[in-house]
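Asker: Quick one, structure for this:
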Amino acid sequence: MLDFLLVGSGIGALCLREKLTEAQKSYKLISDFKPSATHAAGGIINPIILKRFKPFWRATEFYETAVDFYKNLEKKWDNHFISQKEILRSFSSIEEQNDWFIAADQPVLNHFLSHKLISQKKHLKSSYKLGVMKSAYVVDTKLLLKAFHQKLITNNLIYKDFFDFSAVKFHKTYFTYKNLKAKRIIFAEGFQVTKNPFFSYLPIYGNRGDYLIFESKELQLKELIKGREFMIPLGNDLYKFGATFDRHQLVDYTPKSYQQSLVKSLDQLIDVDYNIVKYESGIRPNVKDRRPVLGAHPVHQRMYVMNGFGSRGVFMSPLLSKSLIDYIENKSEIDEQVNINRFVDYFS
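Answerer: This is a model prediction of the structure:
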């Protein structure tokens, strides 16, 4: 009998898999391996909300845990996933520039936000100087997931299947799923949780994000640029620009109107020729109160969920996967702001 069945194949499932491996638990991962939101994600590890110059909730803890997690994974898997980058913040007004200086004096922020502004970068359009955020990181999510999935294949840990919820059978101390038997199940399937009958009561909704991938040999930027959107250098003269937010058109492609919007925004940011390579889209799972959700099902206490990371899955999953496994194995408390119990009244 397995200790766990793990459902999902994105960043949440990856982090949970690592925690289960560390805890020496046996498991199989079940997924149809369709591209998840992680495939299209920008992969930025940044503890600052750069729109308003405020620290993210539990900023330092999430940041330090994520950086350590991905760096250790690089060593363990003998691969390169994470790079340290500066972020240049483009200001739209003097007031915004002044707000930057005020924020840079705050204890949590002064490690990241520089008091010294820099002059314009070549090929960037802006009427003001640029703020510098230090010590951000970018994770190559495509390379990371490719390595993750290959590890599963190599170690025979995959049960490739579209998850059939009707095939789950409940027993006193275990579950069965088709020919698999396990003590516990964890669902970490991203937006697909909205089709999960066990957790459909949770107020999770989809939010599609679109990126434009373009090539420019003239641009020659190494830093990330944050204006209205992010521009992320990918190497080899390629850049990623976005992302959009759309709660209504939950499709797995970038609609024409959003393609045009991204091009318009990019043209307002740079003054150099470029070639559009492709567009990428992913549907993020968001929660009504903008906090992830993790914990046990209100009735089936050996069934768990970890979901609702929105656009911060790469940033938050390392710490919260540890929280969930500690809760399951050691009866540790889950932070009330992410605890599934805050939605118990939604269950019927």
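Asker: The stretch 201-348 of the chain: strands as residue ranges?
Answerer: Using DSSP state E, counting those that start in this stretch, the strands of the stretch 201-348 of the chain run over 204-215, 224-226, 230-235, 238-242, 275-287, 293-296, 303-307.
Asker: Which neighbours in the sheet does the fourth one have, and how are they oriented?
Answerer: Based on DSSP bridges, the strands next to strand 238-242 in the sheet, each with its direction, are strand 204-215 (antiparallel), strand 230-235 (antiparallel).
Asker: Show me what counts as buried in it.
Answerer: Y239, K240, F241, G242 (16 or more other CB atoms under 10 Å). All C-beta atoms are positioned from the backbone trio N, CA, C, and that covers glycine.
Asker: Surely Y304 and G295 touch.
Answerer: Yes. With contact defined as CB atoms under 8 Å, Y304 reaches G295; the gap is 6.7 Å.
Asker: of these two, who's got more company?
Answerer: Y304 (24 against 20; other CB atoms under 10 Å).
Asker: Excluding covalently adjacent residues, which one is nearest to that one?
Answerer: I186 (4.6 Å; CB to CB, 6 or more residues apart in numbering).
Asker: could you measure that neighbour against I153, distance?
Answerer: 20 Å (CB to CB, to the nearest Å).
Asker: which of the two has more neighbours?
Answerer: Taking neighbours as other CB under 10 Å, I186 and I153 compare with I186 leading, 29 against 11.
Asker: Need the phi and psi values for the more buried one.
Answerer: phi -120, psi 130 (degrees, to the nearest 10).
Asker: so it makes contact with L16?
Answerer: Yes. Here I186 reaches L16: they are 6.0 Å apart, a contact under CB under 8 Å.
Asker: Residues in contact with both of the two, list them for me.
Answerer: Common neighbours of I186 and L16 are listed as L6, M306, L324 (criterion: CB atoms under 8 Å, 6 or more residues apart in numbering).
Asker: Let's see the PyMOL selection covering just the buried ones among these.
Answerer: PyMOL command restricting the shared contacts of I186 and L16 to the buried ones, with burial defined by 16+ other CB under 10 Å:
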select buried, resi 6+306+324
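Asker: ok, so of the shared contacts of I186 and L16, who is nearest L221?
Answerer: Checking these against L221 by CB to CB gives M306 as the nearest, at 35.3 Å.
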